[in-house]
Structures are given as structure tokens and as C-alpha cells.
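Engineer: Need a 3D model of the sequence below.
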Amino acid sequence: MVVAGGSSPATPGCDCLAHRFGNAADRPGRRPRYGSDMSDAEWALVRDLLPVPGWLAGRGGRPEGYCHRQMIDAVRYLVDNGIKWRAMPCDFPPWPRVYAFFARWRDAGLVTELHDRLRESVRRTVGRSPEPSAAVVDSQSVKADATVAHTSRGFDAGKRINGRKRHLLTDTLGLLLAVLVTPASTTDRDAARILLPAAKNHFRRLARIWADGGYTGHLTDWTTQHLGVVLDIVRRSDDVQGFQVLPRRWVVERSFAWLLRSRRLVRDYERRTETSEAVVLWSMTMLMSRRLAVRHQEPVPVPAQ
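Structural biologist: Numbering: from 1, shown residues only. Below is the predicted model:
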């Protein structure tokens, strides 16, 4: 499970060997070539939000051999287009290096730090507090590829899907607060007992959560007594036929639609649930960095004289 939390101060720029020592492994002349590549405006924002590398913080290690912009663009290309790791285009660094970068950022929680900083920036841009006080929770069952082990997959009898289930907790803007990937046979209530306490520990202001009928029952009393959070069940009316936009619940449904724009998330291809959660975070970082870049490029209105 990945839950948003605090992060260390951002590094002022790229820390790779190429930028600091002129390593030929970097390709400073490479410009965005694919739709998933960061624009210069995006990179200007993301660069200042990158986590501090261990060697700069005195924790050992050495600088990266490849520019972070190249590595991040390569991971974004994989998430956006749903390719195999070995199918990485040749104008990116070699795929084993890109995968090592992805795995290191997943295991060290660096992608979580970058995601959290982007979310806080988006919330500030629209005039919200960096930490939310309300959220929406829901789940999505997706089919699993043959590479997914049987021990980490299950059958969702309601959706008739053999695979995994993504449990999302979002703020009222639809931005991700926490994600948990489980076998599809896991019920929403059981997953919420793991997801919600971890989220409450990081977001102290969290006071109200909206959910659908799958979370009804003893869970509503349990969240009030143990977490001090009101779990508000938004029910669908039995008298309404067809599609109906339900208050608050549509926010997290839209977030699921955002994620499915990334072809790597249409199915679950990952052997480890932690990798699936990391791919969800990378998909959301793409959405937020683009949104921030557009807002920073909008012309500032000039007041009338």
C-alpha cells in the first residue's frame, strides 16, 4: 500500500553525473519526442520537486549516470503506452537501467515523495490547503495478465473479474491520497480497514470520507470509534434507471477514468502489488505535472487602468 505523507526538502536541480561532471551518458540535446515526454515547462516544475538523493544528503551512494529527465520520461513512456520493459525505444537509456531506476524509486518511496509534492502544489494552485480534510474511497477490479501470480490475484464475483482490485482514496479534487492493490476477491470493507487507518495517520485533518454501498455495515461505526472519521455512505436510488451521477462518488470514478488513460493500467501486468501501486503513482504524476505546467503558462490578467 502507498500512502501520501511528508517529504524532505527538494533538490534545486538534477543531480546526475552528466550535469555535474559532463558524463557522456547524458544526451543534453534530446528534446521531447513522444506524447508522454515532459515539456520544458513541466521539467522546470518537476526538477525543483525531485527528492534529495542519498549522496547529497550524506547517506552514501553516488550521483546518477543518466539525467533524471531522461529516466522519468522513459518511465512515463512505459506507463502511458503499456509496453514491455524490453521494448523501450532506443533513444532512451538501456531498459535495465530504466528498470533499476523505477525499482529504486519504488522501494525507497521516492516516487511517493514526488507524487505528494505535486499534489500539494496542485492543491495550493487552486486555493486549497495542502492537507485535505475530506476524501472519497472506492475500488476498481481489473483483469490480471498471466504474469501475475495466483497468490496475489482473486475472483471478484460481483464484477466477474479474475485479477486484482485497486482501492483508491482521493481528495475532493480527485487527486490521489492513498492506493492499495489487493486480489480482486478482497472485499471493500476489509481493504478499508487497512487503507483508512494508514491514511488517517498521515492526514490528521481528515474528518469525513464518502463511499458507496460496498462499505456499509460495521465499517461505519468502526471508522468513527477508532479513527474519529465520519464515513458517509452515498447510496444509489433504486427508483432511478440507467446512469446516475451520485454526489461526491463521481469524483473517485473520474480518477479511475484518468488512470485508464495509461495503457499500463488497463490490465494488471505486475508480479508485485507494490509495483502496481507505483505505476498508479506514476500515472498520477503525469496528470498533475501537465496540469501545473498549463496553469503556470496561463497569461496573468492585466487589471484595467
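
Engineer: Low-confidence ranges, the protein, go.
Structural biologist: Scanning the chain for pLDDT under 70 picks out the ranges 4-32, 53-63, 237-245, 298-305.

Engineer: try it again with 50
Structural biologist: For the chain, the stretches with pLDDT under 50 are 6-13, 17-18, 20-29, 305.

Engineer: Just the buried residues of the helix ranked longest in it, please?
Structural biologist: Criterion DSSP state H: the longest helix present in the chain is helix 273-297. By neighbour count with 16 or more other CB atoms under 10 Å, helix 273-297 contains the buried residues 273, 275-289, 291-293. Backbone N, C-alpha and C define where each C-beta goes, glycine included.

Engineer: again with stretch 155-173
Structural biologist: 156, 161-172.

Engineer: What of stretch 92-102?
Structural biologist: So for stretch 92-102, counting by 16+ other CB under 10 Å, buried means F92, P93, W95, R97, V98, Y99, F101, F102.

Engineer: what does stretch 122-134 give?
Structural biologist: Neighbour-count burial for stretch 122-134 [16+ other CB under 10 Å]: V122, R123, R128, P132, A134.

Engineer: Please name every helix or strand in contact with the helix or strand containing the second one.
Structural biologist: Under the assignment given by DSSP states H and E, the secondary-structure element containing R123 is helix 110-125. Taking 3 or more CB pairs under 8 Å, 6 or more residues apart in numbering; DSSP states H and E as contact, the helices and strands that helix 110-125 lies on are helix 40-47, strand 176-183, helix 273-297.

Engineer: Report the backbone C-alpha coordinates of the next helix or strand after the first one in CSV.
Structural biologist: Secondary structure here is assigned by DSSP H and E; on that basis, the next helix or strand after helix 40-47 toward the C-terminus is helix 68-81. Only the C-alpha atoms of helix 68-81 are listed here, as CSV (Å, rounded to 0.1, in the frame of the first residue of the first chain):
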residue,chain,number,x,y,z
HIS,A,68,16.7,12.3,-14.3
ARG,A,69,14.7,13.9,-17.1
GLN,A,70,15.6,11.0,-19.4
MET,A,71,14.8,8.4,-16.8
ILE,A,72,11.5,10.0,-15.8
ASP,A,73,10.5,10.3,-19.5
ALA,A,74,11.3,6.7,-20.1
VAL,A,75,9.1,5.5,-17.1
ARG,A,76,6.3,7.8,-18.3
TYR,A,77,6.6,6.3,-21.8
LEU,A,78,6.2,2.8,-20.4
VAL,A,79,3.2,3.7,-18.2
ASP,A,80,1.5,5.7,-20.9
ASN,A,81,1.9,3.3,-23.7
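
Engineer: from here on, count from 734
Structural biologist: Yep, numbering from 734; the last one is helix 801-814 now.
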